[in-house]
Structures are given as C-alpha cells and as structure tokens.
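J.: Here is my input, please return the structure:
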Amino acid sequence: MGLPIEPGEPTALLDPTLVLNRSWCAVHVTTVRRALGMLCRGSVAVLDPESLTPLGADAWLDRPVADGARAVRTPSRLIPAPEIVLLGRYDRLPVSQAPFTRLSLLRRDDHRCQYCGTRPPHAQLTIDHVVPKARGGRTSWENCVAACVRCNSRKGDRPPSHVGLRLLRTPRAPRWTPCFQLMPGTWPESWRPFLPDARRPSTGT
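T.: Prediction:
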C-alpha cells in the first residue's frame, strides 16, 4: 500500500513518533514518515492517544484529524500523524546507558555551564574534568561536566574548591531513554506513561 504525499505541502513527516515493542516498552524514536510506512506494511499498529487502543492501517488512515492535531496531507486525504506505534514482532529492550560523547554530555547538562549556570553558545561550551586529568581524573560521566570557557580557564588544572567554584549538581551517567537525543520539551504528552522521565533527558540531580 503506497502513501503518496502532496508535493510542496507542509507536513508532520519529520516529527517524532515513539516506538513500543510487544511488551509496550519504549525501544526507539522514529519519524512520522517511517511510522506510516511501517503501518502500511503491517509492521506496526498505531496507539490511539486517548484510549491506547492499537489501530491497524485501515482504521488509522480513515480516522478524522482533530482540530489542531498534527497531520500529513496526501492527494486524497488528511491523515493524523501517529504519536505512538506498537511493533508486532520485537521484544528487546534498549540499552540502559547513553553513549559517552560530547553532545550527549552537553545534553545531560542541559547545555549549561555546571559552575556558573550560564548557557553560552554551543561553541563556547567545553568539557571539564572535575578532578583534573593531571591529578588522575578519568574521562567519564561521573568526572566530566559542561563548562563555559571562562569557568574552565579559571579552574585550570585545579579542583573546583581551590578556585571558589562549586558544581550545580553531582555529575552522573544519565538513564537512557529512546528520546535521550531529543531536546527537552519536545515530547508529546501521550508519551509520558511510557517514559516516566520524559520531562528531561538527564537525571543529574
């Protein structure tokens, strides 16, 4: 079953859709485009955001679009954009820890300097070792934080307390969720029962 999209028409095709496995555990975030493709192939069902009833392709594609709801326009119809889909053949759970990268660490720290609390431009945020590498500090979730250039220069190769700096919160490895790579505040309300920590992509407190 094809799903032709009206050319030049703004759509919700790149919006996020949460993917659940057969046990209703979140395993991935995909796009509306891919979710509709899987729906048309019979690989997933769409969950009704209110009743959480799984709906197949025929029921979902014929569903009316509520006022103000996300939608995809085709040459023949307006289709509601799925917020959550349920896989039919997949039971694995996602890994439990996010990859340690610069971008992941900045997201954990909400793109905020963990000493002064400012949010400078991305290029002016550095990765600081709380216990300096020169003093045996490791490169890890528990010893690295986002720091602005000014605070990082002030701290140098010394512990924060030696230069009058204090961390806003204790650095920890974030609990991974499928939406960890998305910016805060972008998750639909319907995701909340499946992502209890969905208000933030980190658990630094």
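J.: Remind me what the helix ranked longest in the chain packs against, helices and strands.
T.: Using DSSP state H, we find that the single longest helix of the chain is helix 32-41. Using 3 or more CB pairs under 8 Å, 6 or more residues apart in numbering; DSSP states H and E as the contact criterion, the secondary-structure elements in contact with helix 32-41 are strand 16-20, strand 44-47, helix 57-61, strand 84-87. For the C-beta atoms, the positions are set from N, CA and C on the backbone; glycine is no exception.
J.: Repeat the analysis, applying 10 Å as the threshold.
T.: Judged by 3 or more CB pairs under 10 Å, 6 or more residues apart in numbering; DSSP states H and E, helix 32-41 is in contact with strand 16-20, strand 26-31, strand 44-47, helix 57-61, strand 71-73, strand 78-80, strand 84-87.
J.: send the alpha carbons of the longest one over as CSV?
T.: In CSV, the C-alpha atoms belonging to strand 26-31 read as follows (Å, rounded to 0.1, in the frame of the first residue of the first chain):
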residue,chain,number,x,y,z
ALA,A,26,9.8,2.1,24.6
VAL,A,27,12.6,1.0,22.3
HIS,A,28,13.1,3.7,19.7
VAL,A,29,12.0,7.1,18.3
THR,A,30,11.4,7.3,14.6
THR,A,31,9.8,9.8,12.3
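J.: Which strands border it, and is each parallel or antiparallel?
T.: Partner strands and pairing direction for strand 26-31 (DSSP bridges) are strand 16-20 (antiparallel).
J.: how much does the strand it pairs with deviate in direction from helix 32-41?
T.: When axes from the mean of the first three to the mean of the last three CA atoms, to 10 degrees is applied, the directions of strand 16-20 and helix 32-41 differ by 50 degrees.
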